[in-house]
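J.: sequence first, then the predicted structure, then my questions.
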Amino acid sequence: MSIISDSLKRIKPSPTIAVTQKARELRAAGKDVIGLGAGEPDFDTPENIKQAAIKAIENGDTKYTAVDGTPALKNAIVEKFKRENNLDYSTDQITVGTGGKQVLYNAFMATLNKGDEVIIPAPFWVSYPDMVLLAGGKPKIVKCTEEEGFKITPKKLKKAIGKKTKWLILNSPSNPTGAGYSKNEIEGLAKVLIKHKKVQILSDDIYEHIKYDDFNFYTIAQNSKLKDRTLTMNGVSKSYAMTGWRIGYAAGPKEIIKAIGKIQSQSTSNPSSVSQAAAVEALNGKQDFIQERSDAFKERRDFVVNSLNSIKGINCLTPNGAFYVFPSCKKLLGKKTKLKTDTDFVRELLEKQNVAVVQGSAFGLDGYFRISYATSIENLKKAMERIKSFCESLS
Ligand code: PLP
C-alpha cells in the first residue's frame, strides 16, 4: 500500500515551477541560461511598501492576527473594490489568504463535492485543474483557439454548462496568453450565466493592473445580476511586485467567505502579519508604481511580439495585459523539423540555445509556448536572437 494519498496521485507538480527550477540548475552548472519561465515581475517591491513592513515589525505587529485578515487590510480591500471596480462589499465579504493561490485552493476545498464540475477555459493557469482535482472536483476544459483570441465564447460556455457545473473560472488578463476580456465580451458571457443560476463564477483578477493600450479592465461582478454568485480573487503579488510577501484576497458571498476562513483556521491560520501591514500600504498608498511599471512592460511586450512575428514559422498575438505572450510554433512541428510536439520544441530550445520557456500543452493547448517577458530588455534581446537562430536551424 502506498503511503501517498489517492488524491495526491491525481495531480502533478506545477510545470512552470519545474521549468524555472531546471533553468536554475543549468545556470548553477555554469550554463548561460535565459529563463523566460517565471511568472513574477522582475521589479522590486516599492519603497513605501517596504517601509510599512519595517514599521510593522518595529511596532510589534508580529503576533497572530484574525485568521482571514486584519480589519485594516480588509478595510483597504473594501476601499480598493469601491475605488477601482465600483463594487460595494462589507468586510465580512472579504477574505485574505497566503497568496491568491491559497484563496483559490480554499475556495475549491470549501465548495466542491465529488464529481462537481468546474469549467476551465484553456489555455489556463496551470494550477486550476490540479486544485480542482485535489478538492475532488472534475475540471471541464474548454479549448479556446487563437482565432477566438484564446477566450471562451458565449456559445462554448453554453455548451459546456451541465447539471454538475459548480463553477466557471475566468482569468482576465490571462496567464498564459495575456488576453483580456472586454466589457462586451464579459457581458456576452454574463447573458448565458444569468440563465444558469446554479453556476458560481470565480473571477481571477490577479493581473488587473498590468494592462496596455486602450484595454479597459472590467470584472464580471460589476454585472449586478451576477455579483451575488461571483467570487472575485485578486492580490498584491503581480500588481505591486510582492510575490514573496504572499498576500491574496477575495470578495464574494458571505457563506463562501466564511467557509474559506474555516479551512484556513484549521490549516495555515492568518497570513503573515507583517505582509498584511505591507499590503495595507500597497492598497492605500500612492499608486504611481502601477503606471510606471506598466509602461516598462509595454515596451518589452512590443519588442517581444515584433521580434517573434519576424521569425519564420512563429506567430504571436498581441496581448492586452499580464506579462506573457503565447506564440504558436505549430508551423515548426512535423516531419521536416523532426519536432513532434511543443514539448519537443521547448526541450530542444533549452538544450540547443539555453532559453527556458514553457510548452503550451502545460496550459491545455498544444502547439504553443509561453514566454514571460518579466525580465530585462537586454535579456529579452539575447533571448529573441537565440529563439530566431533556433527556429532558423530547424528549416
Ligand atoms: N492566478 C494566476 C492566473 C496566476 O498567474 C497566479 C500566479 O502565478 C496566481 C493566481 C497566484 O498568485 P499569488 O498566489 O502569488 O497571489
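T.: Cool, the structure landed. Numbering: from 1, shown residues only.

J.: what's the pLDDT at the residue of the stretch 251-395 of the chain found nearest the ligand?
T.: The nearest approach of the stretch 251-395 of the chain to the ligand comes at A322, 7.7 Å away (C-beta to the nearest ligand atom). (Each C-beta comes from the backbone N, C-alpha and C, glycine too.) Per-residue confidence (pLDDT) for A322: 97.

J.: quick check: it touching S172?
T.: No. Contact between A322 and S172 fails when scored by C-beta atoms under 8 Å: they sit 9.2 Å apart.

J.: which residues are in contact with both of these two?
T.: Y207 (C-beta atoms under 8 Å, 6 or more residues apart in numbering).

J.: which bits of the stretch 151-300 of the chain sit near the ligand?
T.: N171, N175, D204, I206, G235, S237, T243, G248 (C-beta under 6 Å from any ligand atom).

J.: can you verify my assumption that the second one contacts A322?
T.: Looking back up the chat, that one is N175. Yes. At 5.8 Å, N175 counts as touching A322 under the criterion of C-beta under 8 Å.

J.: tell me which of these two has more neighbours.
T.: A322 (29 against 26; other C-beta atoms under 10 Å).

J.: residues touching the more buried one, list them.
T.: Here A322 is in contact with P173, S174, N175, G178, Y207, I210, K238 (C-beta under 8 Å, 6+ apart).

J.: try it again with 7 Å
T.: Contact partners of A322, counting by C-beta atoms under 7 Å, 6 or more residues apart in numbering, are P173, S174, N175, G178, Y207, I210.

J.: got TSV for the residues of the stretch 151-300 of the chain next to the ligand, with distance to D130 too?
T.: Listed next are these as TSV, based on distance: C-beta to C-beta, whole Å:
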residue	distance to D130
N171	15
N175	15
D204	15
I206	17
G235	19
S237	19
T243	19
G248	17
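
J.: in helices, which of the residues you listed fall?
T.: Per DSSP state H, helices hold no members of these.

J.: determine which two of those are furthest apart.
T.: Greatest spatial distance in these: N171 and T243, 17.0 Å, computed using C-beta to C-beta.

J.: the two: which is more packed in?
T.: N171 (25 against 16).

J.: who's that one bridged to?
T.: D204 (DSSP bridges).

J.: now do the phi/psi pair for the residue of the stretch 1-150 of the chain found nearest the ligand.
T.: Closest contact between the stretch 1-150 of the chain and the ligand, by C-beta to the nearest ligand atom, is at G99 (2.8 Å). Dihedral pair for G99: phi 90, psi 160, per degrees, to the nearest 10.
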